[in-house]
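Engineer: Sequence plus the predicted model coming up.
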Amino acid sequence: MSPGTDSGGRRVAVVTGASSGIGEALARRLTADGWHCVLVARREERLRELSGALGCEYEVCDVSDREAVGRAAAAIVARHPAVHLLVNNAGIPGRATFITATPEQINAVTGVNYLGGVWMLRALLPALERATPSSVVNVASVAGTVAVPTSGPYSASKAAQIAFSRAVCAELKPTGIKVLTVMPGFVETEGFPQRGFLPGLLSKAVVDPDYIAQKILKGIASGRRELITPGWYRLATIGQWLMPWLVYRIVSTRFMLSRDSF
């Protein structure tokens, strides 16, 4: 078996949060491009259905559970000693403030959105090293760069994910493993319904998961380190850096305090 391929000569990709949304769209595109995907998520019925349709494998796993991640990774590596691509896409919404969210909500959002990627990377690192040159994609959010009061725990979890991704990008460079940090804006998915939460013109800013999947694949192919998509969301992140006082005034408006956008 050559590095980065399975016994059939295909490149192997592990995609978390693959039962719907961006993960599902990415799995469909990777499979169409000849990759062999291992889908990871919590919903076995959905995983079984999707893997059957795509000819993939799957592992049922809550990525916030470090021991469960270890078991799933061991099962994957037993079948595929070399993994060419890991996509840390699993995520859950956090439509609550730091004051109103329950401790359980804050723990869950942090565990899935941030620590889930940490545990998956650590567990699959030997397989990624055997497949070098290989890639890791961490799907974060623009919400990690601009915090909205009504989704404070979510924004914090994504900010931590971005910091984690940037740190391991530099740490893993000598190994031949490339890391791409992806920061999407509004995306309409099953777990993150957006169009029903956004009024007027803002609802038109929402994109579909396949749009993000295409951008991710292009980012991998081009060797990008970071990707904000759609591109005009860079204005929000630049505004946060250069004019934090203005962003503070905007996110403190009645609209932002009554609705969650991410």
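Structural biologist: Good, I have the coordinates.

Engineer: Surely Ala205 is in contact with Val187?
Structural biologist: No - applying Cβ atoms under 8 Å, one finds Ala205 not in contact with Val187, separated by 10.2 Å. Any C-beta I mention is one placed from the backbone N, CA and C, and that applies to glycine too.

Engineer: neighbour count winner among these two?
Structural biologist: Val187 (21 against 15; other Cβ atoms under 10 Å).

Engineer: what's the distance between that one and Trp119?
Structural biologist: Computed as Cβ to Cβ, to the nearest Å, the Val187 to Trp119 distance reads 24 Å.

Engineer: Just checking the distance from the helix or strand that contains Ile212 to the centre of its chain.
Structural biologist: In this structure, Ile212 sits in helix 209-222 according to DSSP states H and E. Put simply, helix 209-222 sits 12 Å off its chain's centre (Cα atoms, centre = their mean, to the nearest Å).

Engineer: And for stretch 77-96?
Structural biologist: With Cα atoms, centre = their mean, you get 8 Å for stretch 77-96.

Engineer: List the buried residues for that stretch?
Structural biologist: Residues of stretch 77-96 classed as buried: 77, 80, 82-96 (neighbour count, 16 or more other Cβ atoms under 10 Å).

Engineer: Which secondary structure state does Val118 sit in?
Structural biologist: Following DSSP: H, G, I helix; E, B strand; the rest coil, we place Val118 in the helix state.

Engineer: For it, which residues are in contact?
Structural biologist: Phe164 (Cβ atoms under 8 Å, 6 or more residues apart in numbering).

Engineer: Outside of the helix ranked longest in the chain itself, list whatever touches it.
Structural biologist: The longest helix of the chain (DSSP state H) is helix 152-172. Here helix 152-172 makes contact (Cβ under 8 Å, 6+ apart) with 88, 93-98, 101, 105-106, 109-110, 112-114, 117-118, 121, 136, 138, 140-141, 143-148, 178-179, 181, 183, 225-226, 260, 262.

Engineer: Buried members of these into ChimeraX, please.
Structural biologist: Per 16+ other Cβ under 10 Å, the buried members of these correspond to this ChimeraX selection:
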select :88,93,94,95,96,101,105,106,109,110,112,113,114,117,118,121,136,138,140,141,143,144,145,146,147,148,178,179,181,183,260,262
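
Engineer: show me where pLDDT drops low in this structure?
Structural biologist: 1-8, 188-204, 232, 239-262 (pLDDT under 70).

Engineer: all strands of this structure, in order?
Structural biologist: 12-16, 36-41, 57-60, 85-88, 134-139, 177-184, 226-229 (DSSP state E).

Engineer: For these, could you give me a markdown table that also reports distance to Gly152?
Structural biologist: Listed next are those as a markdown table, based on distance: least, Cβ to Cβ, whole Å:
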| stretch | distance to Gly152 |
| --- | --- |
| strand 12-16 | 24 |
| strand 36-41 | 26 |
| strand 57-60 | 30 |
| strand 85-88 | 22 |
| strand 134-139 | 20 |
| strand 177-184 | 18 |
| strand 226-229 | 21 |
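
Engineer: which of the ones you listed is buried the deepest?
Structural biologist: Sort those by mean neighbour count, taking mean count of other Cβ atoms under 10 Å, and strand 85-88 sits at the top with a mean of 28.

Engineer: who does that one touch, helix- and strand-wise?
Structural biologist: If contacts are counted by 3 or more Cβ pairs under 8 Å, 6 or more residues apart in numbering; DSSP states H and E, strand 85-88 sits against strand 12-16, helix 21-32, helix 116-130, strand 134-139.

Engineer: Just tell me which of the ones you listed ends up closest to Tyr233.
Structural biologist: strand 134-139 (14.2 Å; Cβ to Cβ).
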